[in-house]
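Chemist: sequence first, then the predicted structure, then my questions.
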Amino acid sequence: MTKPPSRLHILINPASGQEEPILAPINRRLTDTPIDWEITVLKPDQEPSAVDAALSQRPDLLVVYGGDGTVAKVATRMLERGSAVPLAPLHGGTANALATHLGVPKELDDALAALCMGQHELFAVDVGFARQHAFLLRLSIGFAADITKHASRDQKGSFGIFAYALSTLQAVRDVQVQEYRLTVDGVTTAHQAIACIVANSSGTGLSSPLASHLDESDAKLDALLVPDMSWVARALANAASGAGLMDGAPRRSGKALSVECDAPMPVHADGEYIGSTPVDVKVRHEAIRLVRFGSDAEKSGS
């Protein structure tokens with residue numbers, strides 16, 4: 001456990017996830033506490049100015065109610081500003097892979113209650129960067145990016161995380177085997193694959209990690225190659241056995257990576273489109289502090 005915050009600023013992306021009450025539960029939970037709190041509703045493409053305004057209030061925590069992409073955009077601006085304020089993601093999106101990975105309670109009221117009582121810990125994590133976009137989870141290239149591309153906002157609003165199952169079926173039609181030329185810390189190798197995932201964290205939003213032995217604080221990124229469509233079934237088998245989804249796939253680790261393909265492949269940073277290959281990726285060691293809930297936080301305070 002840690003000291004409860006005295007000042008919070010909550011950033012809300014109203015377009016993330018499914019429609020549900022947000023402001024009333026926040027007001028109900030925080031009004032009768034000694035915590036000084038403010039709320040900013042994010043407008044499209046105005047995250048930088050909203051983060052600047054929030055940081056000017058000098059909060060103890062910057063809380064984000066939105067999806068993984070929203071959190072990544074907020075983190076990008078915080079790092080541009082050199083902010084040391086810890087970041088607390090809530091379950092406000094569709095997949096919520098980062099929030100799930102951090103043990104954030106799914107119910108908004110439960111998460112706020114845990115924050116108010118200091119039932120969390122702060123820890124520093126690495127951050128990946130590609131084209132000046134930060135990512136806390138992963139960079140997805142090729143088929144892995146197409147999965148999120150085909151999930152429309154309407155589908156995510158109607159079906160939640162199941163929208164990604166629908167988008168996977170759509171992405172299968174466009175899958176292409178390419179030669180992925182992967183340069184890691186100056187050494188280049190070539191791989192026949194349908195996708196490349198440059199992972200900073202193991203979080204997936206599911207009960208299974210992306211891959212075993214992924215460390216978000218080791219000053220390295222892990223590039224995982226998806227050889228062909230048989231890996232979709234293999235990932236499901238790995239999940240059933242309790243292994244990482246991509247365990248056994250070609251994998252390389254390093255501080256600086258670049259990915260190039262014969263044809264341009266889409267690139268997504270934590271679910272947000274940032275262009276096509278070729279792409280250069282670097283890691284910044286322990287560049288931001290996150291809030292972690294649950295058993296790990298409780299053990300650290302015992």
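Modeler: On my side now, so go ahead. Predicted, not measured: the structure shown is a model, and the values here were computed from it.
Chemist: how near is the nearest residue to Gln176 once chain neighbours are set aside to Ser140?
Modeler: Leaving aside its sequence neighbours, Gln176 sits nearest to Ile194 (CB to CB, 6 or more residues apart in numbering; 6.7 Å). For every residue, glycine as well, the C-beta is placed using N, CA and C. From Ile194 across to Ser140, the span is 12 Å (CB to CB, to the nearest Å).
Chemist: compare the two (neighbour count), which wins?
Modeler: Ser140 (27 against 24; other CB atoms under 10 Å).
Chemist: what domains does the record give for this structure?
Modeler: Per the record, the chain has its domains at 7-128+288-300, 133-283, by automatic domain parsing.
Chemist: about what we covered before: close enough to count as contact, the residue nearest to Gln176 and Met229?
Modeler: Yes - in this structure, Ile194 is within contact of Met229 by CB atoms under 8 Å, at 6.8 Å.
Chemist: mutual contacts of these two, please.
Modeler: Val175 (CB atoms under 8 Å, 6 or more residues apart in numbering).
Chemist: related to what we said a few turns ago, which stretch in the domains of the chain has the least confidence?
Modeler: Ranked by mean pLDDT, the domains of the chain bottom out at domain 133-283, with a mean of 84.
Chemist: so how far is that domain from its chain's centroid?
Modeler: 12 Å (CA atoms, centre = their mean, to the nearest Å).
Chemist: check which helix or strand covers the nearest residue to Ser140 once chain neighbours are set aside.
Modeler: Closest residue to Ser140 apart from its sequence neighbours, by CB to CB, 6+ apart: His268 at 4.6 Å. Following DSSP states H and E, one finds His268 within strand 266-269.
Chemist: what strands line up against that strand, and which way round?
Modeler: strand 138-142 (antiparallel), strand 272-276 (antiparallel) (DSSP bridges).
Chemist: what does the first one rub up against?
Modeler: Counting by CB under 8 Å, 6+ apart, strand 138-142 makes contact with 128, 130, 147-148, 176, 178, 180, 193-201, 210, 226, 259, 261, 265-271, 277, 279, 281, all of which sit outside it.
Chemist: CA atoms only for that strand, dumped as CSV, please.
Modeler: Only the C-alpha atoms of strand 138-142 are listed here, as CSV (Å, rounded to 0.1, in the frame of the first residue of the first chain):
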residue,chain,number,x,y,z
ARG,A,138,3.2,-3.1,-27.7
LEU,A,139,3.7,-2.1,-31.2
SER,A,140,1.7,-4.2,-33.7
ILE,A,141,2.7,-4.6,-37.3
GLY,A,142,1.0,-6.5,-40.2
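Chemist: quick one: Asn96 from Leu206, how far?
Modeler: In this view, Asn96 and Leu206 are 11 Å apart by CB to CB.
Chemist: any idea how far the residue lying farthest from the centre of the chain lies from Cys116?
Modeler: Distance from the centre of the chain peaks at Asp32, with 32.0 Å (CA atoms, centre = their mean). Applying CB to CB, the value for Asp32 to Cys116 is 10 Å.
Chemist: repeat for Asp146
Modeler: 41 Å.
Chemist: of the two, who's got more company?
Modeler: Neighbours were counted for Asp146 and for Cys116 using other CB under 10 Å; Asp146 has more, 25 against 17.
Chemist: these two touch, right, the more buried one and Val267?
Modeler: No - Asp146 sits out of contact with Val267 when judged by CB under 8 Å, with a separation of 11.0 Å.
Chemist: now the strands for the stretch 101-250 of the chain?
Modeler: 120-130, 133-135, 138-142, 178-184, 187-193, 195-199, 221-226 (DSSP state E, counting those that start in this stretch).
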